[in-house]
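Peer 1: Let me see the structure of the following:
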Amino acid sequence: MNHDRFEEPVMVLVGMGLPARLETVAEAYALLQDWPVAGRSSAHAIALNACKAGIAGEIDAETVRATLVAFARRHDILAPDMASLAPAVLAGRASTSNNG
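Peer 2: Model prediction:
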């Protein structure tokens with residue numbers, strides 16, 4: 001078993017709003033290391049420290065994942081869960097196709 005891999009990936013929006021799939025502590029660490037200095041916050045510091053602890057084997061990947069999700073929510077980069085959005089999108093298509 002790979003102890004640095006998340007049970008479920010974290011989808012975040014990067015760059016021009018493109019989704020990125022983060023599956024490991026190392027990928028989360030890379031995202032946080034590349035985060036603009038001007039945009040760093042206490043949530044960033046907590047998530048980055050969690051990544052460092054995860055890489056060192058001091059905490060498990062799911063704890064790192066939780067801090068990453070909190071960081072992503074705080075900075076509004078957590079991508080929406082597409083599976084939960086699909087019914088709403090399909091319902092919207094059905095209602096617009098009935099109007100025309």
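Peer 1: What's the first helix or strand after the longest strand along the chain?
Peer 2: If each strand of the chain is counted by residues according to DSSP state E, the longest one is strand 5-14. Next along the chain after strand 5-14, taking DSSP states H and E as the criterion, comes strand 18-24.
Peer 1: And that next one, what's buried?
Peer 2: Within strand 18-24, the residues that qualify as buried by neighbour count (16 or more other Cβ atoms under 10 Å) are 22-24. C-beta: built from backbone N, CA, C; applies to glycine.
Peer 1: One more: stretch 58-76?
Peer 2: Burial within stretch 58-76, assessed by neighbour count using 16+ other Cβ under 10 Å, is assigned to 59, 61, 64-69, 71-72, 75.
Peer 1: contacting residues around that stretch?
Peer 2: Contact partners of stretch 58-76, identified using Cβ atoms under 8 Å, 6 or more residues apart in numbering, comprise 3-8, 10, 12, 22, 24-25, 28, 32, 39, 41, 43-44, 46-47, 50-51, 53-54, 78.
Peer 1: how near is Val64 to Gly17?
Peer 2: From Val64 over to Gly17 the distance is 24 Å, taken as Cβ to Cβ, to the nearest Å.
Peer 1: same deal with Ala45?
Peer 2: 25 Å.
Peer 1: The two: who's more crowded?
Peer 2: Applying other Cβ atoms under 10 Å to Ala45 and Gly17 shows that Ala45 carries more neighbours, namely 12 against 8.
Peer 1: What does Arg74 show for phi and psi?
Peer 2: phi -60, psi -40 (degrees, to the nearest 10).
Peer 1: what's the pLDDT at it?
Peer 2: Confidence per residue is given as pLDDT, and for Arg74 that number is 96.
Peer 1: Ok, Gly100 next?
Peer 2: Note on Gly100: pLDDT of 52.
Peer 1: now do Ile46
Peer 2: Confidence per residue is given as pLDDT, and for Ile46 that number is 97.
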